[in-house]
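**Q** with the sequence up front, the predicted model follows.
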Amino acid sequence: EIEYEITQLENNNELKLNKEIKDIDKLHEELAQVTLKNTDALKKVAQLTEEKMKLSKYLNESAPTAADELLPIDDLKEKEDRKRMITYIQLQAREIESLRAEITMLKRKDAPPLTIPTMPHPPGSRLVAEDLVLPPIHDVRSRGKSNK
């Protein structure tokens, strides 16, 4: 009778063991399927990341500038403004050179009477050079000679 119970217990344990082995096999299969799905998802993420990087690089390299988007009328206005600005800058450069020369002559104290150069106005300005009135400038050399 004890042997019969032992055999029964062994049979029950063997059935339980077989059931657990089958469950483990099912879980291994499920793990393999989930791993494949995960691998596919990671490949897709890698592909999308690469596409994003390519797109970002393309957009950064060929980003349209404001000049590319101008209409022909705007382009014409911009060219005219640019020409006016260049002319204005050139006038300022001449004015600066004139002032440097005048300063150099004044340092030597053999300068001719001062001439008042007309200062150009920025583009779009409504001031006219003739409207500008400056106070008289006294000749420093003539005062120095009369004191001697």
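**A** Good, I have the coordinates. These figures come from a predicted structure and were not determined experimentally.

**Q** look up how far Leu36 lies from Leu42.
**A** Here Leu42 is placed at a distance of 11 Å from Leu36 (C-beta to C-beta, to the nearest Å). C-beta coordinates here come from the backbone N, C-alpha and C atoms, glycine included.

**Q** where does this protein dip in pLDDT?
**A** Along the chain, the model assigns pLDDT under 70 to residues 62-71, 109-148.

**Q** where along it do the helices fall?
**A** Counting by DSSP state H, the chain has helices at residues 2-61, 72-108, 140-147.

**Q** just put the ones you listed in CSV and tack on mean neighbour count.
**A** Output for those, formatted as CSV (neighbours: other C-beta atoms under 10 Å):
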stretch, mean neighbour count
helix 2-61, 10
helix 72-108, 11
helix 140-147, 9
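
**Q** next, work out how far apart Glu1 and Leu55 are.
**A** In this view, Glu1 and Leu55 are 80 Å apart by C-beta to C-beta.

**Q** sorry, that was for Glu102
**A** Distance, Glu102 to Leu55, using C-beta to C-beta: 59 Å.

**Q** again with Lys37
**A** Distance, Lys37 to Leu55, by C-beta to C-beta: 27 Å.

**Q** now swap in Ile96 and tell me
**A** Separation of Ile96 from Leu55 (C-beta to C-beta): 49 Å.

**Q** likewise for Thr87?
**A** 43 Å.

**Q** do Glu61 as well
**A** Separation of Glu61 from Leu55 (C-beta to C-beta): 11 Å.
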